[in-house]
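Asker: Just to be clear, the model below is a prediction. Sequence and coordinates:
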Amino acid sequence: MPAPAKPRLAVWKFASCDGCQLTMLNLEDELVALADRLEIANFREASSAVVAGPYDLSLVEGSITTPEDAERIREVRAQSRVLVTIGACATAGGIQALRNFAHLDDFRRAVYAHPEFIETLATSTPIADHVIVDGELRGCPISPRQLRELFSAFLGHRSPDLPTESVCAECKRRGNVCVVVARGIPCLGPVTQTGCGALCPSYHRGCYGCFGPQGSPNLPSMLDHLTALGMTPPEVTRVFRTFNAAAPAFRAAADRASGLSGAP
Amino acid sequence: MDAGSEGSQVLRREEFPRLFSALEDAGYQVVGPTVRDGAIVYDRLHGVDDLPRGWTDRQGPGRYRLERRGDDALFGYNVGPFTWKKFLFPPRERLFTVQREGGSFTVVPEPVEAPLTAFLGVRACELAGLAVTDRVFQGGPVVDPGYAARRSRVLLVAVQCGQAGGNCFCASMRTGPSVSGGADLVLTEILGPGPHRFLVRAGSPRGAEVLSPLNLPPAPEEDERTVGELLDRTTRSMGREMDPTGLRDLLRETLQHPRWEEVARRCLSCTNCTLVCPTCFCSTHEEVPDLSEEKVERWRRWDSCFNLGFTELHGAPVRASGRSRYRQWLTHKLGTWHDQFGTSGCIGCGRCITWCPVGIDLTEEVAALRVPVAPAGPPGRTA
Ligand code: SF4
Ligand code: SF4
Ligand code: SF4
Ligand code: SF4
């Protein structure tokens, strides 16, 4: 009796650093169990052997920054039954979305010896701006635990358990002493989505917002709070313009703060 | 439960290690206050030197700072970010494992580890908090086996407060600062006049058993008087107050009060208040299968009514607005808790005020809700 065909997995890269794909390789032992249940049909970070589509599950890393990629993501979508974006680049445009708030030509001239060879879009945009996305894993990089949960949910035909609660919830479960309340260190935990395991506060740092806005972020209140902690408007603008700068809630917060500062 | 209390005895500061040893000799591991990461937290203690000697905690809304005291008090602080709840109802806990076996499966229950444990330094309000969680987890027809097992192995060593914190209001809630019952041992620290010492009394036969090998001298009457004065002073120095009368009705009658909108503008929906509260008991479950699907573990983790997922039903949360979530917290804590458990859910410890990043103060919210709403103005205008 022939074994039932295994679902096919493809992993795609757009503008990104490969860190999220590496998270998959970091599953290590479990990767073997995974390979038993999924055909890893296209994952160049792991193997150059590529099996042609269609695919049952596509994981997409990276944002759209070039006209070719804007085209390519449509092809990926057409070949994928389920498409899940992974990481801050794919879900919110990534750090490269800082270009959205500046003049592309200035960057082009500052960075490249031959700017005339550089063909790029003026913006870095999340995958969901271009095609329909079935799910997302937040983070810069994504969390191995959530990636594992995604695979397990996909294989078990259920929806994954990906809470949209704040980082504070996990921070408290971990038994951290809040850095804001006990030390006056600004922390984006209250407006940021859980998933990292409250990594930064566990090392006495404020949260940097890698996982983007939580399910119900209150950014106007957060701006007042950061100001009360002594941050200036340009500083507030900067903390929201990092990996998830183009996530709508963080973008609005930065815009509002920079408006207060009167800075460009 | 005052069985075994035959008046107080005196334990001199130098002899405090003897009490510690007596607990250990009786088989108890000791958990209690210790300084970590800029706060006084509850953790495993290995000796008197682990206690926060000479430290105090200065607290305000959204603010907590450790400060040096001018003396060597061992219990010269109030309450920190954590509660005894975490030892009885852990933040994350595996409940059982389901193992596939051929065409069937077996459920493997999780063994509960419940070592004999002494909670050293339980405050009066915290005793009231434990009474509340006892009712929640083991007082009804459904008993939580993990909580009940661990709770039955706990010895409560209370320490009455010699000072009140900036956000304390146990006097309003009538849960402190003096311990009226529920503890196995009750200590009061006297820094002077006279030598640094503790007044100790047993509150239960188990407590008396721990105490008896110490052969402590009975306390002179004037020491009892000193303790009375100390507690009066503590009562007078409460940082907050909240009138608890009629709260259940007040909260039922003010569901449309404009104050909810106001507080929701500040509230971050971050969950901190619920997770530091000694009586909040909500949790959610997660299934963790291994990728081969041979076994799946069921875990329980702390949850909070501030999370959108908390009320998600067929794809959308019932309490979508921050207003409805803050209102759920306060109406449950101070109102419907009475209907559910026959008591208030608030014991006046002030933790939710201190550990709220934006310093939302429930005593202030309640005071605002007591102000009657102005008669409705023309449409489109709120009071
Ligand atoms: S340290 Fe940050 S993440 Fe942790 S509770 Fe405080 S504000 Fe929240
Ligand atoms: S509601 Fe606040 S003050 Fe009352 S018991 Fe809970 S944390 Fe303490
Ligand atoms: S206030 Fe919220 S988290 Fe606390 S017990 Fe009530 S519903 Fe649960
Ligand atoms: S009241 Fe404070 S601690 Fe509670 S959810 Fe709102 S902001 Fe967080």
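Answerer: Ah, there it is. The structure displayed is predicted, hence computed values, not measured ones. Numbers count the residues shown, from 1 in each chain, chains lettered A, B, ... in the order given. Ligands and ions are numbered 1, 2, ... in the order given.
Asker: only C-alpha atoms for contact and neighbour calcs from this point on.
Answerer: Will do.
Asker: List the contacts of B:Arg150.
Answerer: Counting by C-alpha atoms under 8 Å, 6 or more residues apart in numbering or on different chains, B:Arg150 makes contact with B:Phe87, B:Leu88, B:Val112, B:Glu113, B:Ala114, B:Pro115.
Asker: switch the cut-off to 7 Å
Answerer: Contact criterion C-alpha atoms under 7 Å, 6 or more residues apart in numbering or on different chains gives B:Leu88, B:Ala114 as the residues in contact with B:Arg150.
Asker: Wait, a helix at it?
Answerer: Yes - going by DSSP: H, G, I helix; E, B strand; the rest coil, the assignment for B:Arg150 places it inside a helix.
Asker: Start from the N-terminal end of the stretch 1-150 of chain A and give the helices.
Answerer: Ranges of helices in the stretch 1-150 of chain A, per DSSP state H, counting those that start in this stretch, are A:19-25, A:29-37, A:67-79, A:87-92, A:104-111, A:144-155.
Asker: again, but for the stretch 51-200 of chain B
Answerer: In the stretch 51-200 of chain B, the segments counted as helices under DSSP H, counting those that start in this stretch are B:85-88, B:124-138, B:145-151, B:170-173.
Asker: Check which residues of the helix or strand of chain A with the lowest mean pLDDT are buried.
Answerer: Taking mean pLDDT, DSSP states H and E as the measure, helix A:104-111 is the helix or strand of chain A with the lowest mean score, a mean of 79. For helix A:104-111, the buried set under the neighbour-count rule, 16 or more other C-alpha atoms under 10 Å in any protein chain shown, comprises A:Leu104, A:Arg108.
Asker: So which bits of the stretch 101-250 of chain A are right by ligand 1?
Answerer: A:167-168, A:171-172, A:178-180, A:187, A:189-190, A:201, A:206-207 (C-alpha under 6 Å from any ligand atom).
Asker: And the spatially most central residue of chain B, how far from chain A?
Answerer: Centre of chain B computed as the mean C-alpha position; nearest residue by C-alpha atoms, centre = their mean is B:Pro278, 3.0 Å away. Per C-alpha to the nearest C-alpha, to the nearest Å, B:Pro278 is found 13 Å from chain A.
Asker: got it, and B:Arg18?
Answerer: Relative to chain A, B:Arg18 is positioned 30 Å away (C-alpha to the nearest C-alpha).
Asker: count of neighbours near the nearest residue to that residue once chain neighbours are set aside?
Answerer: With C-alpha to C-alpha, 6 or more residues apart in numbering or on different chains as the measure, B:Leu214 is the residue that lies nearest to B:Arg18, at 7.2 Å, once sequence neighbours are left out. Residues within reach of B:Leu214, counting by other C-alpha atoms under 10 Å in any protein chain shown, total 14.
Asker: Also A:Gln146?
Answerer: Using other C-alpha under 10 Å as the criterion, the residues surrounding A:Gln146 number 19.
Asker: Outline the domain layout of the chain.
Answerer: Assuming you mean chain A. According to automatic domain parsing, chain A is divided into the following domains: A:8-155, A:167-261.
Asker: Let me rephrase: I mean chain B.
Answerer: According to automatic domain parsing, chain B is divided into the following domains: B:9-236, B:247-369.
Asker: low pLDDT regions in the stretch 1-150 of chain A?
Answerer: Low-confidence segments of the stretch 1-150 of chain A (pLDDT under 70): A:1-4.
Asker: now do 90
Answerer: Per-residue confidence of the stretch 1-150 of chain A (counting by pLDDT under 90) places the weak regions at A:1-5, A:24-36, A:40-53, A:94-123.
Asker: Go through the residues of the stretch 101-250 of chain A next to ligand 1 and name the one nearest ligand 2.
Answerer: Here the nearest of those to ligand 2, counting by C-alpha to the nearest ligand atom, is A:Lys172; it sits at 13.5 Å.
Asker: Assign a three-state SS to the closest one, would you?
Answerer: If you use three-state DSSP, then A:Lys172 falls in the helix class.
Asker: State the phi and psi torsions of the residue nearest to it when sequence neighbours are not counted.
Answerer: Computed as C-alpha to C-alpha, 6+ apart, the closest residue to A:Lys172 that is not its neighbour in sequence is B:Leu275, at 6.6 Å. Note on B:Leu275: its backbone torsions stand at phi -80, psi -20 [degrees, to the nearest 10].
Asker: Can you check the pLDDT for B:Leu275?
Answerer: The predicted structure scores B:Leu275 at 98 on the pLDDT scale.
Asker: Could you report the separation of it from B:Gln138?
Answerer: 20 Å (C-alpha to C-alpha, to the nearest Å).
Asker: With neighbour numbers in mind, choose between those two.
Answerer: Neighbour totals were compared for B:Leu275 and B:Gln138, and B:Leu275 leads with 29 against 16 (other C-alpha under 10 Å).
Asker: where does chain B dip in pLDDT?
Answerer: Filtered on pLDDT under 90, chain B yields the residue ranges B:1-7, B:102, B:192, B:289-294, B:311-316, B:372-383.
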